[in-house]
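[1] Attaching a predicted model along with its sequence, questions to come.
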Amino acid sequence: MTDVSAEITVPRVLAWNLSHLDNVVTQLKAVIPLIEAEFNSADSEYSKSNEYFQGPAGDKAREQSGTEKSDGIKTVDVIEQLPDIISSINSTFRSEIAKIRNALEDVKSSKWDLFCKDNGDVASRKSNWETAKEHWWDPLSAIAEKEKESSDLQDDIKDALAKIRDTDLTETKIQQTLEDLSDTVKRGMAVIPTDPELARILQENQIPKDKMVLWPDGAVLAAIRLVDPDFNPSSMTESESEILQALIVKQGGPLFAKSTLEDFQAIKLKAENAAKDGQFGDSVFDGQGDAFRHAYWNALMTDKYGAGFANAFATAHEGIGGPANREAMDLYNNNIGRQIALANPGASADELASKVSAAIDDGKLIVVNKVNPEGPVIAWSNTVAQTDTGVPDGTGIPLPAHH
């Protein structure tokens, strides 16, 4: 999935207009009874048709009406969950942004001439040497007080940013809720590409949603905290946790858990950094840069752990659910990355990166064209400018899992 949350900074969250979320909640609550009434009314009219619409055709029409009512009620049930989810997200955003604003006021009024960076780091414009000279009668205490105040304020701001980042990831909760729509509704709302091959890719690269868990836990978490007491588990799909658990066992067990996870995360970080710093750095969200990241990540995983592991984990990662176009893009590009690694045994990391870049230039990977008149749609990587790719507004509708 596309990690938009990684871009959360102090200036960005302070610029958010949260009233839009309030409007969404209000509109959703208003439309729910209207939708329900429409379906009930239509079904009622069909049920009266026995008097004038008889025979197999009439029976079929009434059967279809019942199915449509069932789909409609299921859709209402899904929509009814959204206002509470969105309200909860909005409430957290407001409280944490308020904490950031308060901390920034303290930064501004501090006698230590403090300032805050975009990422939440707090520092003084004056060096410790300058502070010591200004407080010559007790320099060590002054430096200690300055360091403590800047550290405390930095912790407050970074903690708030982390909570906002975690809450922003609950977009996945909205996406998983939308997964409960009926298959008929999902298909009816999908934007299908006119290119037959892209249409096939879109519909076949869909997987069932998975249960979300916090991992690591148990003996693995205990072992990691022996060397890193502040380590916290992360939210991931249950399948991801099981695959990583098996990897840790294979690499020597819980005592080697931290080094195993660090090696594993280093591969993902290498792919992320290469995507941001490379020729596709302007399209790291659902564009060529995102395609590069996924394909390169899978190529590197295949090189280190084998194609079976890379396939299992990368696929499990998409079990979080989400819009159909983004899920198809990621799953397809993951597979291309594994194919590149298998076709080039012994290739260096740089050589694999070059192969992935060439595949993008040759139109062998998938991106999301966000300026398509009929709605965001997947497209070949050499047919859309980087500026025309990206994360569409809102949350897209998923497609049924391909079996």
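    Thanks, I have it.

[2] doesn't Pro233 make contact with Leu221?
    Yes - using Cβ atoms under 8 Å, Leu221 is in contact with Pro233, at 6.2 Å. Quick note: C-beta positions are derived from backbone N, CA and C, even for glycine.

[3] so what's Ile143 closest to, chain neighbours aside?
    Asn128 (5.0 Å; Cβ to Cβ, 6 or more residues apart in numbering).

[4] how much space between that neighbour and Ser110?
    15 Å (Cβ to Cβ, to the nearest Å).

[5] Next: Ala144.
    15 Å.

[6] between those two, which one's more packed in?
    Shown here are Ala144 and Ser110; by other Cβ atoms under 10 Å, Ser110 has more neighbours (16 against 12).

[7] what's the more buried one sitting at in phi/psi?
    phi -60, psi 140 (degrees, to the nearest 10).

[8] what's the burial count for the nearest residue to it once chain neighbours are set aside?
    The shortest distance from Ser110 to any non-neighbouring residue, by Cβ to Cβ, 6+ apart, is to Glu149 (6.2 Å). By the criterion of other Cβ under 10 Å, Glu149 has 18 neighbours.

[9] For the host helix or strand of Glu149, which residues meet the burial criterion?
    Using DSSP states H and E, Glu149 sits within helix 139-168. Within helix 139-168, the residues that count as buried by 16 or more other Cβ atoms under 10 Å are 142-143, 146, 149-150, 153-154, 156-158, 160-161, 164-165, 167-168.

[10] Now do the very next helix or strand once past it, average pLDDT.
    Downstream of helix 139-168, the next assigned helix or strand under DSSP H and E is helix 171-178. Helix 171-178 comes out with an average pLDDT of 72.

[11] what's the offset of helix 171-178 from the middle of its chain?
    10 Å (Cα atoms, centre = their mean, to the nearest Å).

[12] Ok, stretch 214-232 next?
    Worked out by Cα atoms, centre = their mean, stretch 214-232 lies 24 Å from the chain centre.

[13] Check which residues of that stretch are buried.
    Applying 16+ other Cβ under 10 Å to stretch 214-232 flags Trp215, Pro216, Val220, Leu221, Ala223, Ile224 as buried.

[14] out of those, what pair is the most spread apart?
    Trp215 and Ala223 (13.4 Å; Cβ to Cβ).

[15] Quickly note the distance from the spatially closest residue to Ala142 that is not a sequence neighbour to Ser124.
    Using Cβ to Cβ, 6+ apart and skipping residues adjacent in sequence, the residue nearest Ala142 is His135, 3.5 Å away. Per Cβ to Cβ, His135 is found 13 Å from Ser124.

[16] of the two, who's got more company?
    Using other Cβ under 10 Å as the criterion, His135 and Ser124 rank with Ser124 on top: 18 against 15.

[17] what bridges to the more buried one?
    With DSSP bridges as the criterion, Ser124 is bridged to Leu114.

[18] can I assume it is in contact with Lys111?
    No - counting by Cβ under 8 Å, Ser124 does not reach Lys111; the two are 10.2 Å apart.

[19] Break the chain down into its domains, please.
    4-169, 189-388 (automatic domain parsing).

[20] for these, which one sits closest to Leu181?
    domain 4-169 (5.5 Å).

[21] ok, Leu28 - how many residues close by?
    16.

[22] do you know how far it is from Gln176?
    With Cβ to Cβ as the criterion, Leu28 and Gln176 are 17 Å apart.

[23] Equivalent analysis for Ala275, please.
    26 Å.

[24] Looking at these two now, which is surrounded by more residues?
    Shown here are Ala275 and Gln176; by other Cβ under 10 Å, Ala275 has more neighbours (26 against 20).

[25] List the buried residues for the helix or strand hosting that one?
    Assigned by DSSP H and E, Ala275 belongs to helix 257-277. Going by neighbour count (16+ other Cβ under 10 Å), the buried part of helix 257-277 is Ala257, Lys258, Thr260, Leu261, Phe264, Ile267, Lys270, Ala271, Glu272, Ala274, Ala275.
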